[in-house]
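Q: Have a look; sequence and predicted model below, questions after that.
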Amino acid sequence: MPRASLVVVLCVVFASTVAAGQNLCPLGVVSDKLICVIPQLFGVNGVQVADPAHQGHFEASFLDSSFGPLSSDIARQAALVPLASPSSGITFAWDASANIFIASTDSFGPVLSDRAETIGRHRLFLAFDYQYFNFDSVDGISLRRLPVVLTHQDDADDGVTPGFSTCSVNAPAGNSSNTNQCGFVRDVVRTNNSIDLKIHQFTTFVTFGLTNRIDVSVAIPIEDVRLGVFSDATIGHNDTNSRFKHAFTPRTGCPPSGAPEPVCLEQPFSNIRTTSGIGDITLRVKGTAWKGERAGVALGVDVRVPTGDSLNFLGAGAAGVKPFVAWSYHARVSPHAVVGYETNGSSVIAGDISTGKKDKLPGALTYSAGADFWVTKRLTVAADIVGQQVFQARRTTMTTFTELGQCQDGAVLCDPDAGFLPAKVDPVISQATESYNATNLSLGVRVKPVGALLLTGNVLIKLNDGGLRAKFVPLVGLSYTF
């Protein structure tokens with residue numbers, strides 16, 4: 001009979017620059033990187049069946065068809081989560097009559113959007129923000145319910161076993177390549193999977209006014225990432241009732257299966273790991289292109305530098321550039337809007353993680369619009385729509401998989417003349433490539449307790465289901481303008 005190893009590999013990928021042809025999580029190699037938490041969920045060599053002399057081998061094709069889309073979604077979200085505006089809440093302008101710099105606005109501005117005003121010549125703005133991301137869905141599918149079915153791999157004729165031929169799970173009807181001695185290839189492994197992904201992000205912002213019209217900024221995120229993966233695996237026994245080629249190692253509590261001895265066809269698995277470190281640094285230049293009595297227009301560009309370890313979910317593994325234009329109107333209620341377009345380089349998270357082949361990360365049209373309202377001289381509230389249209393990205397969808405019906409001969413071989421049970425139809429996640437929209441509502445407040453010190457509170461609320469999302473993202477921060 002054929003010998004192979006029962007391998008169940010699940011993979012959610014946050015990857016960065018790796019050499020082409022390099023498997024990020026090769027079998028038999030223990031890794032401390034978060035990228036290998038799911039591939040090594042069942043051990044570095046996969047799940048082993050009870051009988052080492054008769055193990056099965058199940059395909060990992062779902063790396064591309066099922067969990068592959070999560071690599072792009074999660075890596076983008078982990079590295080490109082919304083940052084607070086690096087512009088100062090208090091801006092300054094030169095008052096020629098008084099021969100001093102004075103605060104040029106009453107409102108302290110938006111939190112996750114931006115405005116046209118610059119900080120003022122030689123002014124320095126320092127800020128520190130904390131955001132908490134508890135992701136719960138991807139493309140509208142709960143991260144707590146991600147079903148995947150693994151089918152048996154075709155087994156070739158070993159040239160030794162008498163009467164044995166190539167066993168193919170996809171053999172046409174009437175072909176013995178998935179019946180008789182080959183009935184074991186009808187078995188599947190059904191997995192119900194749950195992903196627990198949390199990110200604590202601590203970001204330092206520094207903005208300096210080169211002139212009254214030009215600011216330069218840097219945003220430096222430090223992230224703490226926790227990834228937990230949990231799976232309930234069940235071997236779907238579709239071979240002859242009396243022949244169990246695939247079963248988990250016996251343990252206390254295995255239910256009777258009808259075999260001479262209880263056979264373990266179900267087993268839970270889990271793997272949890274955390275990491276922390278610097279994320280991708282963002283550099284910004286913003287300049288006022290036009291300034292009227294109350295309105296203004298600014299042009300700028302953000303450059304994301306791949307400083308984060310993408311193998312540990314801390315970066316995208318590629319540089320990104322986002323030119324943008326910002327408009328704002330100064331009044332007690334100050335409307336503002338920002339539109340930009342982000343382009344990214346190539347990264348393995350958009351390619352093939354099993355070979356290390358890179359591909360280009362999808363581009364995105366980013367936008368925000370809203371208003372900040374000066375309630376008192378010490379209090380501003382802000383509301384914004386913040387979102388992005390991501391173009392031709394891999395997405396997660398829900399579909400179905402139809403198993404081969406269980407053999408009903410009850411003897412040693414899977415006799416097709418004895419018929420089969422009705423085929424089971426299982427829900428599974430799969431992959432599609434298309435554009436999607438991710439839009440949120442940002443509600444914030446800024447308070448000035450003393451001098452130029454500002455305290456900030458904000459919540460980002462999910463409005464639709466595109467991409468990897470959290471229902472709510474809270475933010476707290478403080479800043480000071482010198």
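A: Arrived safely, thanks for sending. Numbers count the residues shown, from 1 in each chain.

Q: roughly how far apart are the residue lying closest to residue 35 once chain neighbours are set aside and residue 317?
A: Counting by CB to CB, 6 or more residues apart in numbering, the nearest residue to residue 35 once its immediate chain neighbours are dropped is residue 311, at 4.8 Å. All C-beta atoms are positioned from the backbone trio N, CA, C, and that covers glycine. Between residue 311 and residue 317 the computed distance is 8 Å (CB to CB, to the nearest Å).

Q: Name the residue in those two with the higher neighbour count.
A: In this comparison of residue 311 against residue 317, neighbours counted by other CB atoms under 10 Å, the higher total goes to residue 317 at 28 against 25.

Q: Then that one would be within a strand, right?
A: No: remark: residue 317 does not belong to a strand; assigned using DSSP: H, G, I helix; E, B strand; the rest coil, it is coil.

Q: Show the model's pLDDT score for it.
A: With respect to pLDDT, residue 317 scores 89.

Q: Next, the contact list for the residue lying closest to residue 405 once chain neighbours are set aside, please.
A: Spatially, and ignoring its direct neighbours in sequence, residue 405 is nearest to residue 420 (3.3 Å; CB to CB, 6+ apart). Contact partners of residue 420, counting by CB atoms under 8 Å, 6 or more residues apart in numbering, are 404, 405, 406, 407, 408.

Q: Out of the residues you listed, who's the most crowded?
A: When neighbours are counted by other CB under 10 Å, residue 407 leads these with 27 neighbours.

Q: From residue 337, how far out is that one?
A: Look at residue 407 and residue 337: by CB to CB, they are 64 Å apart.

Q: where does this protein have low pLDDT?
A: Judged by pLDDT under 70, the chain has its weakly predicted residues at 1-21, 27, 44-83, 86-105, 157-165, 255-262, 353-354.

Q: What ranges does it have for its helices?
A: Using DSSP state H, the helices of the chain run over residues 62-65, 68-79.

Q: Thought residue 225 was touching residue 199, still the case?
A: Yes: applying CB atoms under 8 Å as the test, residue 199 and residue 225 come out as touching, 5.3 Å apart.

Q: From the chain's centroid, how far away is stretch 195-210?
A: Distance of stretch 195-210 from the chain centroid (CA atoms, centre = their mean, to the nearest Å) equals 17 Å.

Q: ditto for stretch 429-436
A: Worked out by CA atoms, centre = their mean, stretch 429-436 lies 14 Å from the chain centre.

Q: if we can go back for a sec, in JSON lines: the contacts of residue 420, plus distance to residue 233.
A: Shown next, in JSON lines, are these (distance: CB to CB, whole Å):
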{"residue": "404", "distance to residue 233": "19"}
{"residue": "405", "distance to residue 233": "21"}
{"residue": "406", "distance to residue 233": "18"}
{"residue": "407", "distance to residue 233": "22"}
{"residue": "408", "distance to residue 233": "25"}
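
Q: from those residues, which is closest to residue 443?
A: The nearest member of those to residue 443, counting by CB to CB, is residue 404 at 52.5 Å.

Q: How about the contacts made by the closest one?
A: 169, 178, 186, 238, 420, 423.

Q: Show me which of those residues are buried.
A: Among the contacts of residue 404, those buried by neighbour count (16 or more other CB atoms under 10 Å) are 169, 178, 186, 238, 420.

Q: all strands for the stretch 301-450 of the chain, in order.
A: With DSSP state E, counting those that start in this stretch, the ranges of strands along the stretch 301-450 of the chain come out as 320-329, 333-344, 346-352, 357-360, 364-376, 379-402, 425-450.

Q: Could you say which of these is packed most deeply?
A: Ranked by mean neighbour count, the strands of the stretch 301-450 of the chain are led by strand 346-352 with a mean of 24 (mean count of other CB atoms under 10 Å).

Q: From residue 283, how far off is residue 289?
A: Residue 289 sits 19 Å away from residue 283, going by CB to CB.

Q: so which pair among the contacts of residue 404 is furthest apart in space?
A: Longest distance between any two of those is 14.1 Å, between 169 and 420; criterion CB to CB.

Q: Report the buried residues of stretch 209-219.
A: Neighbour counts over stretch 209-219 (16+ other CB under 10 Å) mark 209, 212, 213, 214, 215, 216, 217, 219 as buried.

Q: just how off-centre is stretch 281-299 within its chain?
A: Relative to the mean C-alpha coordinate of its chain, stretch 281-299 is positioned 32 Å out (CA atoms, centre = their mean).

Q: start to end distance for it?
A: Between the start and the finish of stretch 281-299 there is a gap of 20 Å, counting by CA to CA, to the nearest Å.

Q: next one: stretch 133-148
A: Across stretch 133-148, the straight-line distance between its terminal residues is 25 Å, by CA to CA.

Q: Off-centre distance for that stretch?
A: In terms of CA atoms, centre = their mean, the gap separating the centre of stretch 133-148 from the centre of its chain is 10 Å.

Q: same thing with stretch 400-413?
A: For stretch 400-413, the gap between its own C-alpha mean and the chain's C-alpha mean amounts to 37 Å (CA atoms, centre = their mean).

Q: Output that stretch as CSV, restricted to C-alpha atoms.
A: Once side chains and other backbone atoms are set aside, the C-alpha atoms of stretch 400-413 remain, and they are given as CSV (Å, rounded to 0.1, in the frame of the first residue of the first chain):
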residue,chain,number,x,y,z
THR,A,400,-18.8,25.1,-1.3
PHE,A,401,-16.9,21.8,-1.8
THR,A,402,-18.6,18.5,-2.7
GLU,A,403,-16.9,15.4,-1.3
LEU,A,404,-16.9,12.0,-2.9
GLY,A,405,-19.6,9.8,-1.4
GLN,A,406,-18.7,7.2,1.2
CYS,A,407,-18.2,3.6,-0.1
GLN,A,408,-21.0,1.2,1.1
ASP,A,409,-19.6,-2.3,0.4
GLY,A,410,-18.6,-2.8,4.0
ALA,A,411,-15.7,-5.1,2.9
VAL,A,412,-12.0,-4.6,2.6
LEU,A,413,-12.2,-2.7,-0.7
